[in-house]
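Novice: heads up, no residue letters with this:
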């Protein structure tokens with residue numbers, strides 16, 4: 001089965017990204033279209049870009065970049081679980097994207113954003129400019145969670161509503177369709 005990587009973008013202390021990702025992964029596990037892998041940028045802990053060569057060249061000098069390249073190369077699709085900071089997506093996610101180039105190509109990406117009243121939608125719109133320049137394909141179906149703190153219980157777990165469930169299922173359906181459609185392009189780009 002194709003691999004869907006659920007990327008937790010937030011790295012800040014006290015973050016809710018892991019709770020959101022856990023809920024999504026539990027739901028995605030019932031969907032059965034993908035093998036799932038959680039990728040936590042706080043655990044990956046990439047330093048601010050420190051490669052001397054352009055990522056297109058794939059002449060990586062740092063071991064952390066080589067590991068990151070192998071991780072992303074193994075994916076067939078992504079879901080970015082991302083907060084909205086100051087009307088945009090967060091710096092650790094941008095840094096992680098910028099480390100690589102070809103590894104991202106022809107892979108669909110779902111956007112699961114969260115925040116306050118805007119539910120992370122401004123971050124989701126902003127990131128599309130970046131990912132499409134890398135030939136990633138954002139799916140139209142998305143999950144946007146407003147006022148995220150109201151959905152986190154006393155144990156730190158996300159308590160989703162039916163709208164979130166429906167949106168997540170729609171996004172997974174579209175990710176599966178797009179992954180199949182882009183598979184040949186991925187194969188051609190790596191050969």
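Specialist: Okay, I see it. The shown structure was predicted, so the numbers you read here are calculated from the model rather than taken from an experiment.
Novice: Quick one: mean pLDDT over stretch 44-51.
Specialist: Computed over stretch 44-51, the mean pLDDT rounds to 96.
Novice: Pull up the distance across that stretch, start to finish.
Specialist: Counting by CA to CA, to the nearest Å, you get 16 Å between the two ends of stretch 44-51.
Novice: and that stretch, which residues are buried?
Specialist: Residues of stretch 44-51 classed as buried: 44, 46, 51 (neighbour count, 16 or more other CB atoms under 10 Å). Backbone N, C-alpha and C define where each C-beta goes, glycine included.
Novice: And those residues, which is closest to residue 159?
Specialist: Checking the buried residues of stretch 44-51 against residue 159 with CB to CB, the nearest one is residue 44 at 27.8 Å.
Novice: what residues are up against the closest one?
Specialist: Residue 44 makes contact with 64, 68, 71, 96, according to CB atoms under 8 Å, 6 or more residues apart in numbering.
Novice: Leaving out the residues flanking it, which one is nearest to the third one?
Specialist: The reference is to residue 71. For residue 71, the nearest residue in space outside its immediate sequence neighbours is residue 39; the separation is 6.3 Å by CB to CB, 6 or more residues apart in numbering.
Novice: What is the neighbour count of the one you found?
Specialist: Per other CB atoms under 10 Å, the neighbour tally for residue 39 reads 22.
Novice: again with residue 9
Specialist: Residue 9, neighbours per other CB under 10 Å, totals 28.
Novice: The one 5 residues further on too?
Specialist: Using other CB under 10 Å, the number of residues around residue 14 comes to 6.
Novice: cool, residue 91 as well?
Specialist: Applying the criterion other CB under 10 Å, we find 12 residues in the vicinity of residue 91.
Novice: Which neighbouring elements make contact with the helix or strand hosting the residue nearest to residue 71?
Specialist: Counting by DSSP states H and E, the element that carries residue 39 is strand 35-40. Secondary structure elements in contact with strand 35-40, counted by 3 or more CB pairs under 8 Å, 6 or more residues apart in numbering; DSSP states H and E, are strand 3-8, helix 17-31.
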